[in-house]
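Student: structure here, sequence nowhere to be found:
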Ligand SMILES: C[S@@+](CC[C@H](N)C(=O)[O-])C[C@H]1O[C@@H](n2cnc3c(N)ncnc32)[C@H](O)[C@@H]1O
């Protein structure tokens, strides 16, 4: 009788051990999944929700077409998996930076750049685009959401260099006049350019026809 009791105790102890291991495994998996998923969910909790939606291949090509003839520094605001930055770096004319909140995407982007041999021309930073000074960048790319474009327009009015340009994907700026529009539907990109040379008009004032920030006075009156 006593032997049977000892066996039952061992069996229940063994069962409890397996149960605890399963609870530990499930809990551990849940923690790992939460740590990985949190940076993808975090943008939804911000004032302006800017989720991770990668650019299509056509969209990336439209961005490169818009930047044809340009060179210098380039930044992608919210660079996601780094596809626009890597594609621009492969053109060989830009020193490229990606600014991205999600650290997993930043690490993936670095690996992606290394894989195609453009690490030396690319930098990926885990940072908030709203807290980043954009003055050093002469070419700025953004694939944002409609709600953020007025605030971004205001930020760029202060920080875009006098010969800088901005390429907006899918959502245009509310007040600026695009220099060019490329592509269609969800792949549309708008190029906004500031003039490199200020042309003087007959009346002595600087001509502003080519400045994306010049307001269309005909519509305002
Ligand atoms: C629409 S995706 C665009 C990704 C990439 N530019 C592309 O075209 O494939 C927007 C990205 O911005 C990132 N993001 C959201 N808020 C941000 C912020 N405040 N600062 C930097 N990146 C942000 C998101 O994590 C997401 O990866």
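Tutor: Ah, there it is. Please read all numbers here as calculations on a predicted model, not as lab measurements.

Student: from residue 170, how far off is residue 146?
Tutor: 9 Å (C-beta to C-beta, to the nearest Å). Bear in mind the C-beta positions are built from the backbone N, C-alpha and C, glycine included.

Student: comparing those two, which shows the higher neighbour count?
Tutor: Ranked by neighbour count (other C-beta atoms under 10 Å), residue 146 and residue 170 place residue 170 first, with 20 against 11.

Student: anything in stretch 72-79 near the ligand?
Tutor: Yes: Stretch 72-79 comes into contact with the ligand (C-beta under 6 Å from any ligand atom), by way of 76, 78-79.

Student: of the residues you listed, buried ones?
Tutor: Among the residues of stretch 72-79 next to the ligand, the ones that count as buried by 16 or more other C-beta atoms under 10 Å are 76, 78-79.

Student: center of the protein, which residue is that?
Tutor: When C-alpha atoms, centre = their mean is applied to the chain, the residue found nearest the centroid is residue 78 (1.7 Å).

Student: enumerate every residue touching that one.
Tutor: Residue 78 makes contact with 50, 99-101, 129, 142-144, according to C-beta atoms under 8 Å, 6 or more residues apart in numbering.

Student: domain ranges for this structure, per the record?
Tutor: The chain is divided into the following domains under automatic domain parsing: 2-45, 57-193.

Student: measure the nearest residue to residue 138 once chain neighbours are set aside to the ligand for me?
Tutor: Spatial nearest neighbour of residue 138, excluding adjacent residues (C-beta to C-beta, 6 or more residues apart in numbering): residue 72 at 4.1 Å. Here the criterion is C-beta to the nearest ligand atom, to the nearest Å. By it, residue 72 lies 19 Å from the ligand.

Student: residue 72: neighbouring residues, count only.
Tutor: Neighbour tally, residue 72, other C-beta under 10 Å: 15.

Student: bridged to it, which residues?
Tutor: Judged by DSSP bridges, the bridge partners of residue 72 are residue 94.

Student: how close does it get to residue 128?
Tutor: Counting by C-beta to C-beta, the gap from residue 72 to residue 128 is 24 Å.

Student: go on, residue 100?
Tutor: Per C-beta to C-beta, residue 100 is found 10 Å from residue 128.

Student: just checking, residue 49 touches residue 145?
Tutor: Yes: applying C-beta atoms under 8 Å, one finds residue 49 in contact with residue 145, separated by 7.0 Å.

Student: out of the two, which sits in the busier spot?
Tutor: residue 145 (16 against 11).

Student: can you tell me the closest non-neighbouring residue to the more buried one?
Tutor: What sits nearest to residue 145 in space, not counting adjacent residues and going by C-beta to C-beta, 6+ apart, is residue 50, at 5.5 Å.

Student: show me what contacts the one you found?
Tutor: Neighbours of residue 50 in contact, by C-beta under 8 Å, 6+ apart: 43, 78, 144-145, 148.

Student: near the ligand, which residues of the protein?
Tutor: So far as C-beta under 6 Å from any ligand atom goes, the chain lies against the ligand at 43, 50, 52-55, 76, 78-80, 83-84, 99-102, 105, 128-130, 143.

Student: just the buried residues from those residues, in PyMOL please.
Tutor: The following PyMOL line selects those of those that are buried, judged by 16+ other C-beta under 10 Å:
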select buried, resi 43+50+55+76+78+79+80+83+84+99+100+101+102+105+129+143
